[in-house]
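Undergrad: A predicted structure for the sequence below; I have some questions about it.
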Amino acid sequence: MKKLTAIILSAALAAAQTAGIAANAETGVDYYAGKTVDEVYTELSGEDFVFLSDLYRYGGGCTLTLDSSGKFHIIEKNSRGTEITVAKGSELPVDEIISAAREQIKESPEKQKPIIKKNANGVTYTLKWLRSDYYEAVCDVLKGYDCVLSIDENFEAYEDMNYLSVDGLYIRSDRSPDEIVSDYPELGLEQRPYEVFDNYDYYLAIGSESWTHGQLYEALKDMSEKGIGYSALCATTELAFLNADTINCTHNIYTKEDVTDELRTEIRQFYRRPAVQGDSNCDGGMDLADAIFIMQSLANPDKYQLTEQGRFNGDINGDGVTSGDALSIQNRLLGIE
């Protein structure tokens, strides 16, 4: 081993004089962890906006917002799977998790079976979208495993350019309909005997013809600050708009209690990027240059610095990046390991 290590080190020192090695190459595979759903809402709606409902903000489907200038935004989110990040070297007992989730909802084994599949990067699994009660049960079970670091739902989001109008508001509040009507006279609210849903208490139609979108924005902002639940009854056009610009984003469902902010950042920025084992220079593949780069970083860390992704990829043995990892890379290339 000492001889092989010496050979690699000699090659590294020689190569350092003649070759530059990539330190942070991207792999081109879809990456969702760089932006949260909330950041997408701000990007598309501006800094000052209100939601048109206190529900439906983080699941897949449509979320509606109104910005301070009075413009409506229809933000569509297509789910791209729920990602489960585990500690490096851990394996999820998939059958055990599915069995426990079935027990929670008393589901027959013949019914729809969740699919939990390990991803190529070796540290994340993907959970296929399920019926909501089954989905929540699986996530509940996952939170009980010490190796599970985080659970995140990934989305592809875009702004739908159809026209939207608001006809009224479903309200959830201890305040009576008359009190709400009195609080916001500019909207000309009027109680109507509509069937309510999702634990809302009553429906108020917007009756005035002179109200503005700016007044609606201020009213909804005030309701939100006062803890009044609401959901707007909306109508939209159904025109087809092609070539919408999409944004990849993620929403965190769970993070392990003892995971620090620093580690959380590392998980979001690095673990979810596709990892190639041994690819210490992050150029998308494992070759001799990766073994050389590891030895360069050990011999001269001020000049040759592994990125966090490169450190993760290069740590083949799970004990930190050492000359042993450089040797493992060389052995794998030779077909010895």
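TA: Okay, I see it. Residues are numbered from 1 along each chain as shown.
Undergrad: all strands for the stretch 1-150 of the chain, in order.
TA: 49-51, 61-67, 72-86, 116-118, 124-127, 148-160 (DSSP state E, counting those that start in this stretch).
Undergrad: Contact partners for the closest residue in space to Asp315 that isn't next to it in sequence?
TA: Excluding the flanking residues, the one nearest Asp315 by Cβ to Cβ, 6 or more residues apart in numbering is Val321, at 5.2 Å. All C-beta atoms are positioned from the backbone trio N, CA, C, and that covers glycine. Val321 sits next to Ser280, Ile294, Ser297, Leu298, Leu306, Arg311, Gly314, Asp315 when contact means Cβ atoms under 8 Å, 6 or more residues apart in numbering.
Undergrad: pretty sure Tyr203 contacts Gln191?
TA: Yes - under the criterion of Cβ atoms under 8 Å, Tyr203 makes contact with Gln191 at 7.1 Å.
Undergrad: Give me the more crowded residue out of these two.
TA: Tyr203 (22 against 16; other Cβ atoms under 10 Å).
Undergrad: List just the nearest of the contacts of Val321 to Phe72.
TA: The closest of the contacts of Val321 to Phe72 turns out to be Arg311 (Cβ to Cβ; 45.8 Å).
Undergrad: That closest one: how many residues sit nearby?
TA: 17.
Undergrad: Where do the helices of the stretch 201-337 of the chain begin and end?
TA: Counting by DSSP state H, counting those that start in this stretch, one finds helices in the stretch 201-337 of the chain at the ranges 213-226, 261-266, 288-299, 308-314, 323-334.
Undergrad: For the residue lying closest to Lys118 once chain neighbours are set aside, report the pLDDT, please.
TA: Nearest non-adjacent residue to Lys118, counting by Cβ to Cβ, 6+ apart: Tyr125, 5.2 Å away. What the model reports for Tyr125 is a pLDDT of 89.
Undergrad: picking that back up, what's the closest of the strands of the stretch 1-150 of the chain to Val40?
TA: strand 148-160 (4.9 Å).
Undergrad: Now find how far off-centre that closest one is within its chain.
TA: Going by Cα atoms, centre = their mean, to the nearest Å, the spacing between the C-alpha centre of strand 148-160 and its chain's C-alpha centre is 3 Å.
Undergrad: packing partners for that strand?
TA: Here strand 148-160 touches helix 37-45, strand 72-86, helix 132-142, strand 247-255, going by 3 or more Cβ pairs under 8 Å, 6 or more residues apart in numbering; DSSP states H and E.
Undergrad: what residues does the last one touch?
TA: The set of residues external to strand 247-255 that reach it, using Cβ under 8 Å, 6+ apart, is 30-37, 39-40, 43, 58, 77, 80, 82-83, 139, 142-143, 148-158, 264, 268.
Undergrad: Start and end of stretch 79-96, how far apart?
TA: End-to-end span of stretch 79-96 (Cα to Cα, to the nearest Å): 25 Å.
Undergrad: buried stuff in it?
TA: Arg80, Gly81, Thr82, Glu83, Ile84, Thr85, Val86, Leu92 (16 or more other Cβ atoms under 10 Å).
Undergrad: Would you mind pulling the contact partners of stretch 58-72?
TA: Contacts for stretch 58-72 (Cβ under 8 Å, 6+ apart): 37, 41, 44-46, 48-53, 56-57, 73-79, 129, 153, 155, 160, 164, 166, 212-214, 216-217, 220, 232, 234, 251.
Undergrad: how close does the residue lying closest to Gly81 once chain neighbours are set aside sit to Leu306?
TA: Nearest non-adjacent residue to Gly81, counting by Cβ to Cβ, 6+ apart: Thr126, 4.5 Å away. Using Cβ to Cβ, to the nearest Å, Thr126 is found at 27 Å from Leu306.
Undergrad: Could you do Lys143 as well?
TA: From Lys143 over to Leu306 the distance is 32 Å, taken as Cβ to Cβ.
Undergrad: quick one, which of those two is more surrounded?
TA: Neighbours were counted for Lys143 and for Leu306 using other Cβ under 10 Å; Leu306 has more, 22 against 14.
Undergrad: ok, now which ones touch the nearest residue to that one once chain neighbours are set aside?
TA: Closest residue to Leu306 apart from its sequence neighbours, by Cβ to Cβ, 6+ apart: Ser297 at 5.1 Å. By Cβ under 8 Å, 6+ apart, the contact list for Ser297 reads Ser280, Tyr304, Gln305, Leu306, Val321.
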